[in-house]
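1. pasting the sequence and the predicted model now:
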Amino acid sequence: MTNMPSPKTEFHLPEDPATCFKHCASAMVSEEAIEEMKETRPTFKELKSIERLRREILFRGELPFWRILFFWSGTCLKDISTDVLVWTTVVVYIAIRAFAHTSDYAPEEADVMEKTNISVLGGFLSFFLVLFVNQTNGRFLEMYGFSKACSGRIQDVAGLARTQLPTDLANKLIRHFNAAHISGYVGLNAIGAGSPYSKTYFFNHYNKVHNLLSSYELKLLKHHDMDSGAGTMKELCTWCQEDVVEARKAGHIDSYQETLYHDRILAFRAAMDGMYDYTDQPPHFFYIHFLVLLSALYLPLFAIDNAYAAGWGPEANIGLDILNGIIVLLQCIFVVGLRSLGQKMIDPYGDDCEDLSVILYVEATLEICGIIVNSNQPAPKTAS
């Protein structure tokens, strides 16, 4: 992709070109510096570091169980260890058991607790938590499919353009299409929880390395504000369609071949729209609040129930206390772990190490397009 020529653009210079270039360079440097000062999202180096961790975590599932147990990043342990509800539940259990060891007899509340049935509430909560995780996992896989579909449609168009269009026109179409791909991820910042992929650090990096858009083309798109929505991506898709129309008018392709291009460009745009739609409409807050409320009520009650049932006064036993304490902790891991898992999968385009590998999708697409553009099939041998 790096050898794709940029489109030629005419500029009208004043009588003193040296002065003009000096002022233009100064303006460009200051503008980039201002953008970097305003940008608070991760730099490209930080994004690459997150990406490397994501790829490493993806393949940990194939390791032996004893190695999996000792990982910290990419696990539920971090969320559980910092969750206030977990510590509150544990403290409630410890406080009751400490009082049980100092008491000479069982309080009247112990008899009342024996008549309660906390397991019913636990069964309902387990059902809703598993349902929540199943729904968010479905969303996650759908959005992964959209990302891979975008990459696939770009490769389709690159293959058609390489074999049917002149080099300059093919390169222009592929440049515009890859620029639309990258700008689409940047535009996600305007909806949902935001996106760590910024124009300053993400798009500009790939644009500089692969010469996707010229300075003149960037100026034409500036009014969309790439970080504020899908406008840049939408217009670049239209540019791709205009490139195809230009090829048909020049006689390089017929109307049927033109339709094949348009179908793939529109399929790409539809996949991008799907990503935006899912990001804009996360699971209902009502449902998540319902789960959080049930969890906040259930776990302390579960701790109280187990603490009262473990014996009082002379019947209190340290070994039994520890065993019941482990059961309480396991219940906290189950409830809080499932809730955290579901919440993490709501937004696959964030900066968590469990999110989708956007950099891999972008760079793999650019690399494959480069392979397609630079392919050189040997000439067929002529019969002697």
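-> Arrived safely. Since the structure is predicted, the reported quantities are computational estimates derived from the model, not experimental observations.
2. and the average pLDDT for stretch 85-102 is what?
-> Stretch 85-102 carries an average pLDDT of 92.
3. let me fix that, I meant to ask about stretch 372-384.
-> The pLDDT scores in stretch 372-384 average 78.
4. likewise stretch 58-76?
-> Rounded mean pLDDT across stretch 58-76 is 89.
5. quick one: end-to-end distance for that stretch.
-> 15 Å (CA to CA, to the nearest Å).
6. ditto for stretch 68-87
-> Across stretch 68-87, first to last residue, CA to CA, it's 24 Å.
7. dihedrals phi and psi, residue 151?
-> Residue 151 has phi and psi values of phi -60, psi -40 when expressed as degrees, to the nearest 10.
8. run a quick neighbour tally on the nearest residue in space to it that is not next to it in sequence.
-> Closest residue to residue 151 apart from its sequence neighbours, by CB to CB, 6 or more residues apart in numbering: residue 365 at 4.5 Å. Quick note: C-beta positions are derived from backbone N, CA and C, even for glycine. When neighbours are defined as other CB atoms under 10 Å, residue 365 has 23 of them.
9. over to residue 61?
-> Using other CB under 10 Å, residue 61 has 8 other residues around it.
10. repeat for residue 55
-> Per other CB under 10 Å, the neighbour tally for residue 55 reads 12.
11. helix/strand/coil for it?
-> At residue 55 the chain is in helix, as set by DSSP: H, G, I helix; E, B strand; the rest coil.
12. what sits against it?
-> Going by CB atoms under 8 Å, 6 or more residues apart in numbering, residue 55 touches 357, 360.
13. tell me how far it lies from residue 41.
-> Residue 55 sits 21 Å away from residue 41, going by CB to CB, to the nearest Å.
14. swap in residue 144?
-> Counting by CB to CB, the gap from residue 144 to residue 41 is 22 Å.
15. who has more neighbours out of these two?
-> Per other CB under 10 Å, whichever of residue 144 and residue 41 has more neighbours is residue 41, with 19 against 15.
16. in contact with the nearest residue to the more buried one once chain neighbours are set aside, which residues?
-> Nearest residue to residue 41, sequence neighbours excluded (CB to CB, 6+ apart): residue 198, at 4.6 Å. By CB under 8 Å, 6+ apart, the contact set of residue 198 is 39, 41, 186, 189, 227.
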